[in-house]
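In: got a structure for you, letters missing:
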DNA sequence: ACTGGATACTTGAACTCTCAATCTCTATGC
DNA sequence: GCATAGAGATTGAGAGTTCAAGTATCCAGT
């Protein structure tokens, strides 16, 4: 090799002032909102927001059960994180594990009656918090625009290509 | 008291299908994006996204320093979280603490030259990641709408009233 | 069958964050 | 001047997350 194949090292395209404002508004809202919901659910239901989301997924699934990887994918988290989370929810008696008959490596996370119960009691307060923080403050048009934008971002971060760095395959 | 002052307990206003879609798109994008940025910065700069944000705040502040509470407010986090974070950044040599002369209870977090240096090296990769995940995928109109919506949400979560539950006053 | 490589999931350690308690110092009222 | 409430910040313990490594199983090719 004659010389190092260094990258071009162009001046990075910094954010414009307008973009800065957008980005900071986004980060501030996202940080505050997650903190707000975590706190509300920790207080009223004894679990963080992510864990609540897991129970919701299970409640909606047929036979109230989901394979670990599928659940991780629905929640957009890693399997490792899910393993720890399910262990905790199992201790609470809200979820139970079951072996998969068709694949001995597989595990189902199953929502228990106690879990269903807890979910039912937590849900109203949670919806109220989400409404108050987001939907009650935005017009339908703003909601639509927000949803559209976030959907595009979400899809961009989980490309279909093989070899993509998806949390639940990590 | 004659009877318990029970709440009305009306049927909660559940999210409509449309609202559900918006909410899930939001949560998915927010989760994936934070994971993505954390990972990128952990790999390229050895710190999580929040810590990077702290360095940015300090870099922009006069004399590259900020009082702890003020920094916590800018980052929308608790003082406790900030204390731990600054302790870690101090170990890395990127930040140093200084006493406040006018208020002996106060502390300044000061960005060191090493911190500035680290920041400078991490910034291009970070901006690129943010662009790729968000700005490159949205039209200017969508960016504007997203920013507007998130600004409203952020402001709703930090009311001016006394006694509001703000993370940095917790 | 058998073997190598992928898939499904778990584990433990290091790191981060939360919560409640603590400490010091400031400001207020008497 | 002095007591006391509040403000600024930190601490330690427990809970949650990440990362790298581990176990067990499945599958494709031979």
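Out: Here it is on my side, so go on. Quantities reported herein were computed from a predicted structural model and do not represent experimental measurements.

In: Would you map the helices across chain A?
Out: A:17-45, A:49-60, A:68-75, A:79-91, A:113-133, A:140-156 (DSSP state H).

In: mind giving me TSV with the ones you listed and columns for distance to DNA strand D and mean pLDDT?
Out: (C-beta placed from N, C-alpha, C; glycine too.) Converted to TSV, these look like this (distance: least, C-beta to the nearest atom of the strand, whole Å; pLDDT from 0 to 100):
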stretch	distance to DNA strand D	mean pLDDT
helix A:17-45	8	98
helix A:49-60	4	98
helix A:68-75	10	98
helix A:79-91	4	98
helix A:113-133	13	98
helix A:140-156	16	98
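
In: among the ones you listed, which is nearest residue B:97?
Out: helix A:17-45 (23.5 Å; C-beta to C-beta).

In: Report all helices and strands that the closest one contacts.
Out: helix A:49-60, helix A:113-133, helix B:17-45, helix B:140-156 (3 or more C-beta pairs under 8 Å, 6 or more residues apart in numbering or on different chains; DSSP states H and E).

In: now these as a markdown table including distance to residue A:157 and mean neighbour count?
Out: As requested, these are exported to a markdown table (distance: least, C-beta to C-beta, whole Å; neighbours: other C-beta atoms under 10 Å in any protein chain shown):
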| stretch | distance to residue A:157 | mean neighbour count |
| --- | --- | --- |
| helix A:49-60 | 17 | 20 |
| helix A:113-133 | 22 | 16 |
| helix B:17-45 | 4 | 19 |
| helix B:140-156 | 15 | 19 |
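
In: Distance to DNA strand C added to the helices of chain A, as JSON lines?
Out: Output for the helices of chain A, formatted as JSON lines (distance: least, C-beta to the nearest atom of the strand, whole Å):
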{"stretch": "helix A:17-45", "distance to DNA strand C": "5"}
{"stretch": "helix A:49-60", "distance to DNA strand C": "11"}
{"stretch": "helix A:68-75", "distance to DNA strand C": "3"}
{"stretch": "helix A:79-91", "distance to DNA strand C": "4"}
{"stretch": "helix A:113-133", "distance to DNA strand C": "14"}
{"stretch": "helix A:140-156", "distance to DNA strand C": "21"}
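
In: of all the ones you listed, which lies closest to residue B:83?
Out: Taking these one by one with C-beta to C-beta, helix A:17-45 is closest: 16.4 Å.

In: who are the neighbours in contact with residue A:15?
Out: A:23, B:127, B:130-131, B:135 (C-beta atoms under 8 Å, 6 or more residues apart in numbering or on different chains).

In: Got the phi and psi for it?
Out: For residue A:15, the backbone dihedrals are phi -70, psi 140 (criterion: degrees, to the nearest 10).

In: same check, this time on residue A:161
Out: According to degrees, to the nearest 10, residue A:161 has phi -50, psi 150.

In: I'd like to check which residues are in contact with it.
Out: Contacts of residue A:161 (C-beta under 8 Å, 6+ apart): none.

In: Could you tell me the per-residue confidence at it?
Out: pLDDT recorded at residue A:161 is 91.

In: What's the separation between it and residue B:87?
Out: 40 Å (C-beta to C-beta, to the nearest Å).

In: same question, residue A:11
Out: Relative to residue B:87, and taking C-beta to C-beta, residue A:11 is found at 35 Å.

In: higher neighbour count, those two?
Out: Taking neighbours as other C-beta atoms under 10 Å in any protein chain shown, residue A:11 and residue B:87 compare with residue B:87 leading, 11 against 6.

In: so what's the residue sitting nearest the centre point of chain A up against?
Out: Against the mean C-alpha coordinate of chain A, by C-alpha atoms, centre = their mean, the closest residue is residue A:75 at 4.2 Å. Contact analysis of residue A:75 by C-beta under 8 Å, 6+ apart lists A:50, A:53-54, A:57, A:82, B:31.

In: Equivalent analysis for residue A:49, please.
Out: A:34, A:37-38, A:41.

In: Touching, residue A:164 and residue A:155? I think so.
Out: No - the criterion here is C-beta atoms under 8 Å, and residue A:164 misses it with residue A:155 at 11.7 Å.

In: wait, which of the helices and strands packed on helix A:17-45 is closest to residue B:114?
Out: Closest among the helices and strands packed on helix A:17-45, once you apply C-beta to C-beta, is helix B:17-45, at 12.4 Å.

In: now the angle between helix A:79-91 and the closest one, please.
Out: Helix B:17-45 runs at 120 degrees relative to helix A:79-91, counting by axes from the mean of the first three to the mean of the last three C-alpha atoms, to 10 degrees.

In: now helix B:17-45 against helix B:113-133, angle please.
Out: 140 degrees.

In: sorry, back to before: out of the helices and strands packed on helix A:17-45, nearest to residue A:66?
Out: Closest among the helices and strands packed on helix A:17-45, using C-beta to C-beta: helix A:49-60, at 5.9 Å.
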